[in-house]
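**Student:** Kindly return the folded structure for what I paste below:
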Amino acid sequence: MTTSVAPFTADDFAARQRRAVAAAADAGLGGVLVTPGPDLVWLTGYQPTAITERLTLLVLTPDAPATLLVPRLERGDAEASAGAPALTFADWSDGDDPYAAAAPLLRPDASYGISDSAWALHLLGLQDALPASSYRSLTHALPMLRAVKDDAELARLAGAGAAADQAYGEIVDVRFAGRRELDVAADLADLLRRFGHEQVDFTVVGSGPNGANPHHEAGERVIEEGDMVVLDFGGLRDGYGSDTTRTVCVGEPTAKQQEVHDVVRAAQQAGVDAVRPGVACQEIDRAARAVITDAGYGPQFLHRVGHGIGVTTHEPPYMVEGEEQEIVPGMCFSVEPGIYLAGEFGVRIEDIVTATDDGARRFNTTDHHLRVVS
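**Tutor:** A predicted model of the protein is given here:
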C-alpha cells in the first residue's frame, strides 16, 4: 500500500532537539543523552542498521551544537540520515575508548537525562569516565518529551489507526472455528502489512480461556464454536504506531458473554468521554474502571486503562491511578478496559485517541458491538 506522507526534514528534527534541551533545562538537567532506539529516531531520523555494543550517543546541551558520536565505520550511514544537517558529528574507532571520546562533549559534574534504551555497559562506561556526573532515565526525567504530537505526527497516527481498522474489517470475514490461534494471528499480520504497516509488533489472538490472559500470545489452541476471541494487534506505519482491540464471538454469544462485552463497551466509552484538556491522566482510568466495578467485575480488570503511542506502541503518558500529569491537546493514547474471567474468557475493547481542545478524537472507528464470526 503506497502512502503519501511527507518525510520529516532537518528543520523538524532541529526543532525537536531544541525542545528536548529546553525540557531538560526546565527539569534541572544539564542536557539529554540519547542512544539507539525510539528517542534517537524521533530526534534525528537515524536508526543504526544493527544495534551493537559499539557506543552511539546523541548529546544535546544548551551550550553546544547537537552532536552525534558514532563508531567510525557507521559514520557514513549516520551522515545520510534525514536529520544530519542539524547535527555535528564526532566518531571513534575500534580499539579506542568510546567513553574517552564522549567525555569532552559533556560537563564532568552535570546531571543528564539518558535514554531508557541505553545499555548498562554504556551508562557504566560514562560514569567511569566522568565520576562526578549523574543520570536519570528519560521516562522519569522527561516523560512528556514525545507525548504531544504535531500535525504531521497526528496524520501518521491517524493513518496507522485507519490501516488497523481495515485489517479488522477483513479479519472478521475469515474462518475462526477449527483453526489455530496462530493461523488467525498470521492472517492479521498479513493484513497489517497489506494495509501499509512496515512493522508488525503484535497479533494477540486469545480464544476461550486464553482470552482471560491480557498478554496471551497466539498459540496452538484450536478455536471452537462458542469461544470469545480477543484480537489485539498493531505495529508501525510510516514510523508511527497502531494498536487496537476488538473481541468477537464464534457463533451466537451466551447471555453472560454478551453482558460482559456490554460492560466493557460502556467502560471504554466512559473512558473516552472523560478525555479533555486539564484532566489528570488517572481520571481516564477511574472513569472506565468505575463502570466495571459498578457492574461487579472490578477484580477482573487487571491492568491500567491506557498508554501513550507514537514512534513506539507503548510510551508515556500512562492512563493509570496515580498519574497526575494533565492531558493537553495533541497527546495520543489508548483507552482499553477489559474484563478477564479465569478459565472462561476475556473481553477487551481498545481505541487510540488524541486529546483535542474540547475532548477526544478516535483513530479507531470500527464498530464496538460484539461481532459474531464463523
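**Student:** I'd like the distance between Ser48 and Ala86.
**Tutor:** If you look again at residue 48, you'll see it is Pro, not Ser. Taking C-beta to C-beta, to the nearest Å as the measure, Pro48 falls 18 Å from Ala86. Where you see a C-beta, it was placed from the backbone N, CA and C, and this is true even at glycine.
**Student:** how long is stretch 93-112 end to end?
**Tutor:** Counting by C-alpha to C-alpha, to the nearest Å, you get 25 Å between the two ends of stretch 93-112.
**Student:** Sort out which residues of it are buried, please.
**Tutor:** Of all the residues in stretch 93-112, those buried under the rule 16 or more other C-beta atoms under 10 Å are 98-99, 101-103, 105-107, 111-112.
**Student:** ditto for stretch 250-260
**Tutor:** Result for stretch 250-260 [16+ other C-beta under 10 Å]: buried residues 250, 253, 257, 260.
**Student:** Other residues contacting it?
**Tutor:** 176-177, 207, 223-229, 249, 261, 297, 339, 341, 345, 347, 370, 372-374 (C-beta atoms under 8 Å, 6 or more residues apart in numbering).
**Student:** Which members of those occur in helices, if any?
**Tutor:** The helices, defined by DSSP state H, take in His261 from those.
**Student:** Any of the contacts of stretch 250-260 buried? List them.
**Tutor:** Of those, these count as buried by 16+ other C-beta under 10 Å: 176, 207, 223, 227-229, 249, 261, 297, 339, 341, 345, 347, 370, 373.
**Student:** all helices for the chain, in order.
**Tutor:** All helices of the chain, identified by DSSP H, fall at 10-26, 38-44, 75-79, 98-102, 120-129, 138-141, 151-171, 181-194, 255-273, 282-294.
**Student:** packing partners for the shortest one?
**Tutor:** Judged by 3 or more C-beta pairs under 8 Å, 6 or more residues apart in numbering; DSSP states H and E, the packing partners of helix 138-141 are strand 111-114.
**Student:** ok, residues contacting the strand it packs on?
**Tutor:** Under C-beta under 8 Å, 6+ apart, the answer for strand 111-114 is 24, 27-35, 106, 123, 133-138, 141-142.
**Student:** re the thing from before, turn the buried residues of stretch 93-112 into CSV, columns for pLDDT and distance to Gln268.
**Tutor:** Formatted as CSV, the buried residues of stretch 93-112 follow (pLDDT from 0 to 100; distance: C-beta to C-beta, whole Å):
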residue, pLDDT, distance to Gln268
Pro98, 97, 48
Tyr99, 97, 48
Ala101, 97, 51
Ala102, 98, 46
Ala103, 97, 51
Leu105, 97, 47
Leu106, 97, 46
Arg107, 96, 48
Ser111, 97, 41
Tyr112, 98, 40
